[in-house]
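>>> test case, fold it:
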Amino acid sequence: MSTPDLILPTYESHGPDWAKSRDRSLVEKRWLDRMIAHTPLHSSRRRVLDLGCGSGRPIAQYLSERGLTVTGVDGAAAMIALFRQALPRARAIHADMRGLALGEPFDAILAWDSFFHLSARDQRAMFSTFASHAAPRAALMFTSGPEEGEEIGSIAGEPVYHASLSPDDYRALLTKAGFEVVDFKPQDPECGGRTVWLARFTDE
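Numbers count the residues shown, from 1 in each chain. Reported below is the predicted structural model:
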């Protein structure tokens with residue numbers, strides 16, 4: 001079994017093995033392109049905050065290749081080390097996304113296959129963290145489960161915790177934090193069955 005508290009230790013110990021076998025065919029490309037299309041330009045380059053960035057491959061690497069300035073955040077030092085190897089010019093921060101306070105805005109915020117490792121309570125608290133890092137009309141994209149509940153998955157043969165709120169809860173939390181839903185696709189068959197949320201910060 002696994003719990004939310006075991007997620008970071010598990011990725012610390014087994015994340016590098018998982019990263020080696022991670023699918024790099026970029027089935028996420030269509031969604032990443034949609035996020036980029038909704039990302040405003042407030043400076044010379046669009047700035048994206050990648051929460052739970054992992055090794056940086058293939059997602060952060062793709063975003064960097066598309067001209068975005070990537071800041072990767074991960075609570076597992078082993079994953080941040082891999083991220084720095086993959087994207088030596090990107091900023092990499094070893095920190096837990098829970099309670100993160102970088103004190104700067106980003107044009108896009110991404111929590112892909114990471115946010116759903118948090119407990120339901122911690123997920124609810126993350127929406128104020130999203131908002132505090134969002135530039136005007138920033139894009140926000142994250143993956144969740146299709147319905148409320150908890151599941152145990154695995155990485156490199158080790159159990160890992162997943163949790164999800166209900167779609168109605170996510171919509172309410174997004175609205176309360178100042179985001180509007182652009183799209184919601186439960187169990188997208190073109191993206192490995194992932195449930196994807198794309199939203200936009202409404203603050204001008």
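
>>> now what about the helix or strand of the chain with the lowest mean pLDDT, what contacts it?
The least trusted helix or strand in the chain, going by mean pLDDT, DSSP states H and E, turns out to be helix 7-21, with a mean of 92. For helix 7-21, the external contacting residues (C-beta atoms under 8 Å, 6 or more residues apart in numbering) are 2, 54-55, 57, 74-79, 82, 96, 117, 155-161. Backbone N, C-alpha and C define where each C-beta goes, glycine included.

>>> count the residues that sit near residue 41.
10 (other C-beta atoms under 10 Å).

>>> was I right about it contacting residue 136?
No. Applying C-beta atoms under 8 Å as the test, residue 41 and residue 136 come out as separate, 11.2 Å apart.

>>> okay, now the unreliable bits of the protein?
Where the chain drops to pLDDT under 70, the residues are 204.

>>> try it again with 90
1, 18, 20-25, 42-44, 156, 203-204 (pLDDT under 90).

>>> ok, which stretches of it are strands?
47-51, 69-74, 91-94, 106-111, 134-144, 149-155, 158-164, 179-188, 194-201 (DSSP state E).

>>> which neighbouring elements make contact with the longest one?
So that's strand 134-144. helix 29-37, strand 106-111, strand 179-188, strand 194-201 (3 or more C-beta pairs under 8 Å, 6 or more residues apart in numbering; DSSP states H and E).

>>> most tightly packed of the ones you listed?
Stretch with highest mean neighbour count among those: strand 106-111 (a mean of 26; mean count of other C-beta atoms under 10 Å).

>>> Provide the strand pairings for that one, with the direction of each partner.
Sheet pairing for strand 106-111, assigned by DSSP bridges, gives strand 47-51 (parallel), strand 134-144 (parallel).

>>> is it possible to mark the buried ones in the contacts of helix 7-21?
The neighbour count (16 or more other C-beta atoms under 10 Å) marks 2, 54-55, 57, 74-76, 78-79, 82, 96, 117, 155-156, 158, 160-161 as buried among the contacts of helix 7-21.
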